[in-house]
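Engineer: Predicted coordinates and the sequence they were generated for:
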Amino acid sequence: MIRSMTAFARQDARGEWGVLTCEIRTVNHRYLEPSFRLPEALRELENRFRETLRQRLRRGKVDVSLRLQGAEESTPAFEINDDIAKAVNHAANHINRMLDNPAHISALDILRWPGVLSVPEQDYTPAREAAVSLFDATVTELVVVREREGERLRPLFEDRLATMRRLVAGVRARMPALLDAQERTLRERFEKARVELDPERVAQEMVLLAQKSDVAEELDRLDAHISEVTETLQRDEAIGRRLDFLMQELNREANTLSSKSIDADVTRSAVDLKVLIEQMREQVQNVE
């Protein structure tokens, strides 16, 4: 299963406590790196959300935004402690009667007295429960989007892998003829130099030439890595890091094939392979 690390999901929920909106954006990143923007009333849910992301995602930079509207924006209901207010007023009047120049005490002065005015703590339990369900639903949607976006990359990988197989097969088919041509060229050089052809010397030179130009191992490893990439694309797990490693191995073999090339067509095939590998590598950077 190919999962992209680039995705976006949004879910809303409504209740007596207000409106909750959860948005999650993810982009490619080497590791899982979540960040949260939560209302203070729901800040305690951050650790729970982190654990949910850790269970559902493997890689990516994850931006989570959770907004709570309504409950936080409603007019607060103040509570006035009548007993304390009366006691403050009584004490103020008592003091005023003792003063030659008494000062008037206003209602605002009384309200400022500690304990007279209070705002009852709001119960956010229903909103927290709704936030947990909403977050789970948003993560589920995000995973679906990542899978859908990832599957759009499959034809790109498969087309390039098929082309790479044809290139490797073409080079393999050309190698016997190329080695025969190299042997003829070597014999012609000996003849032009009017050097007596020593069969043993010719055999030694051909062995050296074959060792320098033999790309059978590189072709075998290219085929093996191509098959491994094909198999990896079918796995139902996070495959991005494995694909990244395989791209490095493919590129290494293509470079070796190019350096050992004894023919312009083989060189072109090696260059084409490197171009295809680089195209896949760029897309692999976005695979979970």
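Structural biologist: Perfect, I can see it now. Numbers count the residues shown, from 1 in each chain.
Engineer: Check which residues of stretch 239-259 are buried.
Structural biologist: 239-240, 242-243, 246-247, 249-251, 253-254, 256-258 (16 or more other CB atoms under 10 Å). For the C-beta atoms, the positions are set from N, CA and C on the backbone; glycine is no exception.
Engineer: now the nearest residue to residue 240 once chain neighbours are set aside, which residues is it bridged with?
Structural biologist: Excluding the flanking residues, the one nearest residue 240 by CB to CB, 6 or more residues apart in numbering is residue 287, at 4.0 Å. Taking DSSP bridges as the rule, residue 287 bridges to residue 4.
Engineer: low pLDDT regions in this structure?
Structural biologist: Applying pLDDT under 70 to the chain picks out residues 71-77, 118-121, 178-213.
Engineer: quick check, residue 235 in a helix?
Structural biologist: No. Using DSSP: H, G, I helix; E, B strand; the rest coil, the secondary structure at residue 235 is coil, not a helix.
Engineer: now it: how far from residue 174?
Structural biologist: Here the criterion is CB to CB, to the nearest Å. By it, residue 235 lies 34 Å from residue 174.
Engineer: now do residue 9
Structural biologist: In terms of CB to CB, residue 9 sits 51 Å off from residue 174.
Engineer: Between the two, which is the more surrounded one?
Structural biologist: residue 9 (19 against 15; other CB atoms under 10 Å).
Engineer: if we can go back for a sec, can you verify my assumption that the residue nearest to residue 240 contacts residue 239?
Structural biologist: Yes. With contact defined as CB atoms under 8 Å, residue 287 counts as touching residue 239 (6.4 Å).
Engineer: who touches both of these two?
Structural biologist: Common neighbours of residue 287 and residue 239 are listed as residue 2 (criterion: CB atoms under 8 Å, 6 or more residues apart in numbering).
Engineer: can you give me the helices for the stretch 101-250 of the chain?
Structural biologist: Secondary structure of the stretch 101-250 of the chain (DSSP state H, counting those that start in this stretch): helices at 107-112, 125-151, 154-192, 199-213, 216-232, 240-259.
Engineer: between those helices, which one is nearest to residue 48?
Structural biologist: Of all those, it is helix 125-151 that lies closest to residue 48, at 6.8 Å by CB to CB.
Engineer: what's across from residue 12 in the sheet?
Structural biologist: Beta-bridge pairing for residue 12 (DSSP bridges): residue 21.
Engineer: Neighbours of it, how many?
Structural biologist: Residue 12 is flanked by 13 other residues according to other CB under 10 Å.
Engineer: Residue 9 belongs to a strand?
Structural biologist: Yes. Counting by three-state DSSP, residue 9 is found in a strand.
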